[in-house]
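**Student:** I'd like to go over a predicted model; first the sequence, then the structure.
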Amino acid sequence: MKRQKKATSYQSHGVGIAGILLVVLLVLFSGPRSIAAQADGQADIQLTDAEREWLAQHPRIQIGIMDAWPPLNYLDQNKNPQGIGVEYLAAVNKRLGNALVPVSAPFKESYDWVLNRQLDALMDISQRLDREALFTFTRPYIVISHVIVGRKGGDYFKSEQDLTGKTIALERGFHNITYFKTNYPGVIIQEYDSTSEALDAVSRGEVDAYAGNRAVVIHLIEKELLNNLRLMGKLTEPKSVLQIGVQKELPLLASILDKALASLTIDEERVIRQKWLQESNPGLDLTEAEQAWIKAHPSIRVALDPAWAPIEFLDQHGIPQGISADYLQKIGELLGVRFDVAKGQDWPGLVEGVKSHNLDMFSSLLRTEERATYLGFTDSYLSLPIGIFTRQDAPYITSMGELVGKKIAIIKGHALEQILKSKHPELQLCPSSSTVTALQKLTQGEMDAVVDSTISTGYSLSQLGMANIKLAGEIPYRYDLAMGVRSDWPELVPILNKALRAIPESEQSAIYSKWTSRQPEQKVDYALIWKIVAWALVVVLLFALWNRRLGREIDIRKQAEVQLQASQQDLIKSVEELNLKTEELESANHKLKDLDRLKSMFIASMSHELRTPLNSIIGFTGMTLQGLSGDLNEEQKDN
């Protein structure tokens, strides 16, 4: 019975292993676990086991927020945190079990506290090249333009160039100081401790203007009754692209916060923006002539770059996607026109299409003198920095002169090619058909650098999963993108400008945030999964065959055991008979010799009969121990 139980356990062990393999396969298909939906119906967050474990071990996560930057983050009169960032933090907290604890302080203090590991992370920070070694950044949670503020009745400042020779008020420690010093050294800068103090300096006439976050300006002008101030032009480059900066030593926290921000619904974000930004739609205000022109042109044919994600591209179904595509959709709704995007053409073909008037406009491109000969341009609606990308082992690049002698991949036909050829003829430019192609050449060592928009290149790097490429620097040029209209349609340019201005700031920010924080979907490697399934089935089959062979060995052992037990019974019976006969012989001395001879014959006969089964048993055992029927474990050998 003992051996029967062991045989059963072996067979169960084989079935158990097969079951474990099936469970492993289910885990492979099921993917990472998710935090259960909250009671208020918030979306799930897909977290890995490592992220879930980290969150369980850190029930209190301290996040620094600014104490005096309304309406982004500030302390009210009762010293309670308020603002856009606070509400975003609250929305994220619903998904993380209220583990996030806001800590209010001036930005510089929070910044240093994170670096000194006194805080886990901070809000209201923007990702910049000099900060990437210090923080891990989440996706942006809001993007707000920067504007110039001056006094009513004074000079109107449309752009940074108009501020040359003027004194502007900027917040101490803010990036705008570096921006103006680097790009507009003719502007005189006066630093103040807060935005409120900077605006007050403009109001009192101490300085000529202020430049900074539009939402903060609107809030403070209304709250502090600065009625002699007015908003003027937008800055070309710096927007408040606000993110959460996390300790570099806490990559799991950065991933958790990024996933939580990504799970926020459109309705949740809309409620926050409408509450704090209070933007109104200025309306179109088209003239009768413009309305008549739109009525006569209900369909407009558009040239859209099919491979410049996320700025604009065609997806696998040929549907226009990206920042410019979203702008087209908004403008189409406002004007009541249909934009028909051309398909099946590369960029050079699209250029020829607009030149020949087979197409009517470009959705997104940079103004150049050559293009101005056949196009009219709208105002710029998107300004993007241009980065220098190299392999990880290459040094950082701080000037254009450091690119001399290097093979530089650029996108063929883009305006940047014309700019660099004109301004830097000493550079060795190598045109590529797309950003993806350029990056592939760089990682393979065919190129030394790729120069293109940081947004499009970063998007492609994420899509390709290239970890050996880094942002090594920026060039002193930008993609100030506008819409370009065929030259014989001048009426369309002011119409498009009015439509662009009619898109609320919050919606423009939402478009930018949507695409700059978007990560391409991870593709499932079904070939790999099926290989795993096939190997798992092979393993299960091998276990089944092994169990079957083991069962046969057990049957053989059972048969041998039965034979041994039968022989033992025969032996016992024979010995008993022998003892009986021996006693009879002892009582009869006169028959001693005959009985002695009979006993000898009997013993010889029994020895022959016992040797046969014993030899069989020994033979079977020897064969088994020699492994002729398969390998045995130590327990089997002992048995």
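**Tutor:** Thanks, I have it.
**Student:** Please give the element, helix or strand, for G344.
**Tutor:** In this structure, G344 sits in neither a helix nor a strand according to DSSP states H and E.
**Student:** can you pull the pLDDT of it?
**Tutor:** For G344, the pLDDT comes out at 91.
**Student:** Could you grab the helix/strand/coil label for the nearest residue to A303 once chain neighbours are set aside?
**Tutor:** Among residues not flanking A303 along the chain, L350 sits closest, at 3.8 Å (Cβ to Cβ, 6 or more residues apart in numbering). (Glycine included, C-beta is placed from N, CA and C.) Counting by DSSP: H, G, I helix; E, B strand; the rest coil, the backbone at L350 sits in helix.
**Student:** Pass me the low-pLDDT residue ranges in this protein, would you?
**Tutor:** 1-44, 237-238, 278-283, 517-571, 573-616, 619-620, 622-632, 636-637, 639 (pLDDT under 70).
**Student:** biggest strand in the protein, by residue count?
**Tutor:** Longest strand of the chain, by residue count under DSSP state E: strand 469-486.
**Student:** I'd like to know which elements that one is packed against.
**Tutor:** strand 361-366, strand 375-377, strand 382-391, helix 415-423, helix 435-443, strand 449-453, helix 454-464, helix 492-502 (3 or more Cβ pairs under 8 Å, 6 or more residues apart in numbering; DSSP states H and E).
**Student:** Return the distance of G318 relative to L350.
**Tutor:** Per Cβ to Cβ, to the nearest Å, G318 is found 15 Å from L350.
**Student:** so what's the residue nearest to A99 when sequence neighbours are not counted bridging to?
**Tutor:** In space, and not counting its chain neighbours, A99 is closest to I61: 5.0 Å by Cβ to Cβ, 6+ apart. Beta-bridge partners for I61, by DSSP bridges, are L100.
**Student:** residues in contact with K223?
**Tutor:** P70 (Cβ atoms under 8 Å, 6 or more residues apart in numbering).
**Student:** Tally up the residues packed near R172, please.
**Tutor:** 14 (other Cβ atoms under 10 Å).
**Student:** Surely it touches E191?
**Tutor:** Yes: the criterion here is Cβ atoms under 8 Å, and R172 meets it with E191 at 4.4 Å.
**Student:** list the residues that contact both of those two?
**Tutor:** In contact with both R172 and E191: no residue, using Cβ under 8 Å, 6+ apart.
**Student:** Pull up the gap between the residue nearest to A303 and T435, please.
**Tutor:** For L350 relative to T435 (Cβ to Cβ), the value is 16 Å.
**Student:** which one of the two has more residues nearby?
**Tutor:** Using other Cβ under 10 Å, the more surrounded residue of L350 and T435 is T435, with 27 against 21.
**Student:** Show the contacting residues for the nearest residue to that one once chain neighbours are set aside.
**Tutor:** In this structure, T435 finds its nearest non-sequential neighbour in S460, 4.7 Å apart by Cβ to Cβ, 6+ apart. By Cβ under 8 Å, 6+ apart, the residues touching S460 are 309, 435-436, 439.
**Student:** swap in E426?
**Tutor:** Taking Cβ under 8 Å, 6+ apart, one finds V404 in contact with E426.
**Student:** Can you classify it as helix, strand or coil?
**Tutor:** Look at E426: counting by three-state DSSP, its state is coil.
**Student:** how far away is it from L403?
**Tutor:** E426 is 9 Å from L403, by Cβ to Cβ.
**Student:** Only alpha carbons, please: show stretch 387-401 as CSV.
**Tutor:** Provided in CSV are the C-alpha atoms of stretch 387-401 (Å, rounded to 0.1, in the frame of the first residue of the first chain):
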residue,chain,number,x,y,z
GLY,A,387,17.4,69.2,-30.8
ILE,A,388,20.7,67.5,-31.6
PHE,A,389,20.5,63.7,-31.0
THR,A,390,23.6,61.5,-30.7
ARG,A,391,24.4,58.0,-29.4
GLN,A,392,24.8,57.7,-25.7
ASP,A,393,28.6,57.5,-25.8
ALA,A,394,29.0,60.8,-27.6
PRO,A,395,29.8,64.0,-25.7
TYR,A,396,27.1,66.8,-25.3
ILE,A,397,27.1,69.5,-27.9
THR,A,398,27.0,73.2,-26.8
SER,A,399,27.6,75.0,-30.1
MET,A,400,27.0,74.6,-33.9
GLY,A,401,30.8,74.6,-34.4
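**Student:** Which residues does that stretch contact?
**Tutor:** 403, 424, 427, 439, 442-443, 445, 448-454, 457, 461, 467-476.
**Student:** now do stretch 461-470
**Tutor:** Everything outside stretch 461-470 that qualifies as a contact, by Cβ under 8 Å, 6+ apart, is 309, 389-392, 394, 436, 439-440, 442-443, 450, 519-520.
**Student:** same thing but at 10 Å, please
**Tutor:** 132, 309-310, 387-394, 396, 435-436, 439-440, 442-443, 449-450, 457-458, 460, 471, 518-523 (Cβ atoms under 10 Å, 6 or more residues apart in numbering).
**Student:** Around the closest residue to L500 other than its chain neighbours, count how many other residues there are.
**Tutor:** Leaving aside its sequence neighbours, L500 sits nearest to Y381 (Cβ to Cβ, 6+ apart; 5.3 Å). Applying other Cβ under 10 Å, we find 21 residues neighbouring Y381.
**Student:** Ok, the one 5 residues further on next?
**Tutor:** Close neighbours of I386, defined as other Cβ under 10 Å, add up to 21.
**Student:** Begin at 11, not 1, for the rest of this chat.
**Tutor:** All right, first residue 11 from here; so that's I396.
**Student:** Identify the bridge partners of it.
**Tutor:** Beta-bridge partners, per DSSP bridges, of I396: S463.
**Student:** so who does it touch?
**Tutor:** Contacts of I396 (Cβ under 10 Å, 6+ apart): 420, 426, 429-430, 461-467, 484-489.
**Student:** All set, thanks.
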